[in-house]
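J.: Sequence and predicted structure below; questions after.
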Amino acid sequence: MCETCGCGDSEIVPVDVHEKILAGNDRTAAHNREHFAERGVVAVNLMGSPGAGKTAVLESTASRLGGHQRLGALAGDLATERDADRLRAAGIIAKSITTGSACHLDAGMVHHGLHHFPWRELDYLFIENVGNLVCPAIYDLGQAANVVALAVTEGEDKPLKYPVMFRKADLVLITKIDLLPHLPDVRIETIADALARVMPQPLYLPVSARTGEGMHRWLAWLEQARMAVEIRTAWHRGTGAAGRSAV
Amino acid sequence: MHEYSIVQALLERVDAEARARRATAVHRLSVRIGELSGVERDLLTTAYETFRERTICERAELCLQVVPARWECPRCRGPIARGSVLTCPSCAVPARLVEGDEIMLDRIELEVL
């Protein structure tokens, strides 16, 4: 009731909140991250346009790492199981998260996807996001790192057009470099310059999943990410030593 | 169109606050979105107009403030212009985003009897 005169009219009460609107998603992401840290699983959020070569990179990764490391993937897909099928055929333990009309994965979908999925046994969990250069960047999933695939066929100015996505990237994989001889106007240096204008610490690796060129650098990056996670896991367990020996 | 899921999260948060304070309606919401947040002002407004029907925010005005991206050197605090290489030309260290990536609910004005 209005306190001034008791007239029965409603009163406007301001409440200062200053809270992230996606705070709920962030809490679930923190929960996922805690799970991954406890078990020493390296979770990589792999993003990029449709057709950037995300699935092909993972297939090629599996053919090189499959014998030594346990790889798993959650594949965000609007309507099909096609990516998960391809990943399974490559030897990756994979499950589809069918998003319907949603253009991105969120932390809740990933958490749900982990149920009935043997993620605890994995060294790496790749979360292959929905092909989209805008929406997935906004949602923390609990990953250890964001990796964005950018195909040389997409044009040199993609990072400038989609700064939100590239700013969030810990690593950019410049994919399909075997096609460069057919693209006389595309130069890696120009893509690198565009990345430096949207990423404060630009890190990129040119790769070809088809020929294998540059893939060893990607594998070295993955190994480094795994060592960083192992240190965190050891700290988490309070043992003061790495949880699992390096292969 | 992730703006719809952002509006959904916004309405849930406001609804919880309104219930906790026994509000009869919401008068106004103040929201800040950064230029580099990935949220489009117009799309967010459209999503809000669509979803607020039959919620406690049905009559609530949405005040949106768009925050431009601002980069600076973390060492010398010198500004680094957007569009330029994001490294301080004097200190050679990576730039820091000071503001411009927020998706923030700042204030709710509730109607309380």
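T.: Good, I have the coordinates.
J.: Can you show me the CA trace of the helix or strand where residue A:61 lies as CSV?
T.: Using DSSP states H and E, residue A:61 falls within helix A:54-65. Taking C-alpha atoms only, helix A:54-65 is exported to CSV below (Å, rounded to 0.1, in the frame of the first residue of the first chain):
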residue,chain,number,x,y,z
LYS,A,54,34.5,-29.4,-37.5
THR,A,55,33.5,-33.1,-37.9
ALA,A,56,36.3,-33.7,-40.4
VAL,A,57,38.9,-32.3,-38.0
LEU,A,58,37.6,-34.7,-35.3
GLU,A,59,37.7,-37.7,-37.7
SER,A,60,41.3,-36.9,-38.5
THR,A,61,42.1,-36.4,-34.9
ALA,A,62,40.7,-39.8,-34.0
SER,A,63,42.7,-41.5,-36.8
ARG,A,64,45.9,-40.0,-35.2
LEU,A,65,45.1,-40.2,-31.5
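J.: distance between the longest helix seen in chain B and the chain's centre?
T.: Longest helix of chain B, by residue count under DSSP state H: helix B:3-20. Mean-position distance between helix B:3-20 and its chain equals 13 Å (C-alpha atoms, centre = their mean, to the nearest Å).
J.: How about stretch A:134-149?
T.: On the basis of C-alpha atoms, centre = their mean, stretch A:134-149 sits 4 Å off its chain's mean C-alpha point.
J.: Repeat that for stretch B:72-79.
T.: 25 Å.
J.: Excluding chain neighbours, what is closest to the residue in chain B sticking out farthest from the centre?
T.: For chain B, the residue at maximal distance from the C-alpha centroid (C-alpha atoms, centre = their mean) is residue B:90, at 32.6 Å. Of all residues not flanking residue B:90 in the chain, residue B:76 sits nearest, at 5.8 Å (C-beta to C-beta, 6 or more residues apart in numbering or on different chains). In this view, the C-beta of every residue, glycine as well, is placed from N, C-alpha and C.
J.: repeat for residue A:160
T.: Closest to residue A:160 by C-beta to C-beta, 6+ apart is residue A:194, at 5.1 Å.
J.: and what of residue B:44?
T.: Nearest non-adjacent residue to residue B:44, counting by C-beta to C-beta, 6+ apart: residue B:3, 4.7 Å away.
J.: gap between that neighbour and residue A:100?
T.: Relative to residue A:100, residue B:3 is positioned 17 Å away (C-beta to C-beta, to the nearest Å).
J.: same deal with residue B:67?
T.: As defined by C-beta to C-beta, residue B:67 lies at a distance of 32 Å from residue A:100.
J.: ditto for residue A:189
T.: Residue A:189 sits 41 Å away from residue A:100, going by C-beta to C-beta.
J.: Show me the shaky parts of chain B.
T.: The model of chain B has no residue with pLDDT under 70.
J.: And the helices in it?
T.: Residue ranges of the helices in chain B, as given by DSSP H, are B:3-20, B:41-51.
J.: tell me the angle of the last one relative to helix B:3-20?
T.: Here the directions of helix B:41-51 and helix B:3-20 differ by 50 degrees (axes from the mean of the first three to the mean of the last three C-alpha atoms, to 10 degrees).
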